[in-house]
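Student: Sequence unavailable; structure follows:
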C-alpha cells in the first residue's frame with residue numbers, strides 16, 4: 001500500500017469517526033427535548049392547585065350544613081388531588097434526573113427530598129403504580145359512600161381496573177426483585193472470578209520462585 005493510499009484510508013476513517021461523533025452528540029443532546037414535557041407537567045400542578053382551592057372553598061361553604069358522608073366525600077376528593085400532585089412531582093423530579101440532567105441547585109439544598117437521586121426507572125414505575133392504586137382506592141371508596149347513585153356495571157369495571165393496577169404493581173415488584181437478585185449474583189460471580197485470578201497469579205509466582213531456588217524440582 002502506497003503512502004497516498006494510507007493517507008486516503010486514514011482520511012476516510014477520520015471522516016467517519018467525526019460523523020459518528022456528531023451523530024452521538026446529537027442523540028445525547030436530544031434528551032433536552034424532554035424538558036417541555038416536564039414544564040407542561042409543572043403547569044399541570046398549577047391547574048391542580050386551582051382545582052384544590054375550588055374544592056376547598058366548596059367544602060368550607062357546606063361544612064356547617066353538610067352531612068358527615070358528604071364531608072367525607074369532599075375530603076376524599078381533596079386527598080385525590082393531593083396524591084395526583086405528589087405523583088406528578090415524583091415524575092418531574094425523577095424523570096428529569098434520570099433522563100435529562102442532575103438538578104444541581106438541589107444537590108446541597110437543605111430541603112432536598114430524601115428520595116431525589118435515589119429513584120431509578122424501576123423505582124419510578126413502582127411509585128407510579130402505587131400512586132395509581134391509592135387514587136383508585138379513593139375513587140372506589142367515594143363511590144361506595146354513595147350507594148343510591150351506584151351503577152353496578154360502573155363499579156364492576158372500577159374494581160377490575162383497580163385489581164389490574166394491583167396485579168401490575170405486584171408483577172413490577174417481582175420483576176425488579178428478580179433483576180436485583182440476578183445483578184447481585186453476577187457481581188458475586190465477577191468478584192469470585194477476580195479473586196480466583198489473583199490466587200492463580202500468586203500461586204504461579206510461588207511455583208516459579210520455588211523452581212528458581214530448586215531447579216531440580218525436588
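Tutor: On my side now, so go ahead. Predicted model, so just to flag it, every value in this text is computed and none were measured.
Student: how about low-confidence regions in this structure?
Tutor: 1-12, 117, 149, 200, 202-218 (pLDDT under 70).
Student: Just list what the helix ranked longest in it packs against, helices and strands only.
Tutor: Assignment by DSSP state H gives helix 152-213 as the longest helix of the chain. Judged by 3 or more CB pairs under 8 Å, 6 or more residues apart in numbering; DSSP states H and E, helix 152-213 is in contact with helix 121-144. To be clear about C-beta, it is placed using only N, CA and C from the backbone, and glycine gets the same treatment.
Student: tell me what the helix it packs on is packed against?
Tutor: helix 68-99, helix 152-213.
Student: what number of residues lie near the residue nearest to residue 52 when sequence neighbours are not counted?
Tutor: Leaving aside its chain neighbours, residue 52 sits nearest to residue 81 (4.9 Å; criterion: CB to CB, 6 or more residues apart in numbering). Residue 81: 20 surrounding residues under other CB atoms under 10 Å.
Student: Residue 81: what's it in contact with?
Tutor: Going by CB atoms under 8 Å, 6 or more residues apart in numbering, residue 81 touches 48, 51, 52, 55.
Student: one more time with 10 Å
Tutor: Neighbour list for residue 81: 48, 49, 51, 52, 53, 54, 55, 56, 135, 138 [criterion: CB atoms under 10 Å, 6 or more residues apart in numbering].
Student: which of these are buried?
Tutor: Taking 16 or more other CB atoms under 10 Å as the criterion, what is buried in the contacts of residue 81 is 52, 55, 135, 138.
Student: Please identify which of these is nearest to residue 163.
Tutor: Closest approach to residue 163 among those (CB to CB): residue 135, at 14.4 Å.
Student: what separates that closest one from residue 77, distance-wise?
Tutor: Distance from residue 135 to residue 77, counting by CB to CB, to the nearest Å: 11 Å.
Student: what's around residue 119, how many residues?
Tutor: The burial count for residue 119: 20, using other CB under 10 Å.
Student: Apart from its neighbours in sequence, what residue is nearest it?
Tutor: residue 94 (4.4 Å).
Student: Report how many residues lie close to that neighbour.
Tutor: Residue 94: 21 neighbours (other CB under 10 Å).
Student: if I look at the residue nearest to residue 52, how far off is residue 188?
Tutor: Residue 81 is 46 Å from residue 188, by CB to CB.
Student: what's the answer for residue 70, then?
Tutor: For residue 70, the distance to residue 188 - CB to CB - is 58 Å.
Student: Which secondary structure elements does the helix or strand where residue 60 lies sit against?
Tutor: Assigned by DSSP states H and E, residue 60 belongs to helix 35-62. Applying 3 or more CB pairs under 10 Å, 6 or more residues apart in numbering; DSSP states H and E, one finds that helix 35-62 makes contact with helix 68-99.
Student: got the buried residues for the helix it packs on?
Tutor: By neighbour count on 16+ other CB under 10 Å, the buried set for helix 68-99 is 73-74, 76-78, 80-81, 83-85, 87-88, 90-97.
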